[in-house]
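Visitor: return atomic coordinates for the entry below.
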Amino acid sequence: MTSLFTSYFLPLVLVITIFNFQTSLCDISADKALITCICRQVQDLQFCLTTFRQIIPSHPYVSEEVTRAAITKSLQNANDNHAFVETAKANAKDNETKDLYSICDSSYGLLITVLQDTAKSLANKDYNGLENDLSKCPQFVSDC
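Guide: Predicted coordinates for the structure are as follows:
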């Protein structure tokens, strides 16, 4: 079940490493290098690059904008996954399967809450809060 959700969780995984990179506001090649360097850390480089180009179609790729885009996309995907899990749980035939989906239901509910908190932290420039919240997110998906 984890592999089903992995590609949708990609942008969030990227956000966790964004603040380790520096970029220039006026150097397009440095901006592209930021995105490429981040995307090389995931399994599907092309999906990652395409996702960021769709969300942020123009220069500059500054850390704050990349982070905002990744959180927004991750929140959208978390909501989609949560809806999928709720439907699958309702359609499950046996209690064991329902129990497994209940874990995912709780995990994605918590993930959505934490992602909403990260968006608020970013808006308030509370980078410590942002990093603290983001560090919790992979566990929610992994629990599912």
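Visitor: what bits of this protein have low per-residue confidence?
Guide: Low-confidence segments of the chain, defined by pLDDT under 70: 1-31, 57-61.
Visitor: what ranges do the helices span in it?
Guide: 2-18, 28-39, 45-55, 63-91, 95-123, 127-143 (DSSP state H).
Visitor: off-centre distance for the last one?
Guide: To tie it back to what came earlier, the one meant is helix 127-143. How far helix 127-143 lies from its chain's middle: 10 Å, per CA atoms, centre = their mean, to the nearest Å.
Visitor: cool, and the shortest one?
Guide: On the basis of CA atoms, centre = their mean, helix 45-55 sits 13 Å off its chain's mean C-alpha point.
Visitor: and it, what other elements does it pack with?
Guide: helix 2-18, helix 28-39, helix 63-91 (3 or more CB pairs under 8 Å, 6 or more residues apart in numbering; DSSP states H and E). Where C-beta positions appear, they are placed from N, C-alpha and C, glycine not excepted.
Visitor: got the buried residues for that helix?
Guide: Cys48, Leu49, Thr51, Phe52 (16 or more other CB atoms under 10 Å).
Visitor: before we move on, what about stretch 121-136?
Guide: For stretch 121-136, by 16+ other CB under 10 Å, it's Ser121, Leu122, Leu130, Asp133, Leu134.
Visitor: reformat these as a markdown table; add distance to Asn91.
Guide: Formatted as a markdown table, the buried residues of stretch 121-136 follow (distance: CB to CB, whole Å):
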| residue | distance to Asn91 |
| --- | --- |
| Ser121 | 36 |
| Leu122 | 36 |
| Leu130 | 36 |
| Asp133 | 32 |
| Leu134 | 32 |
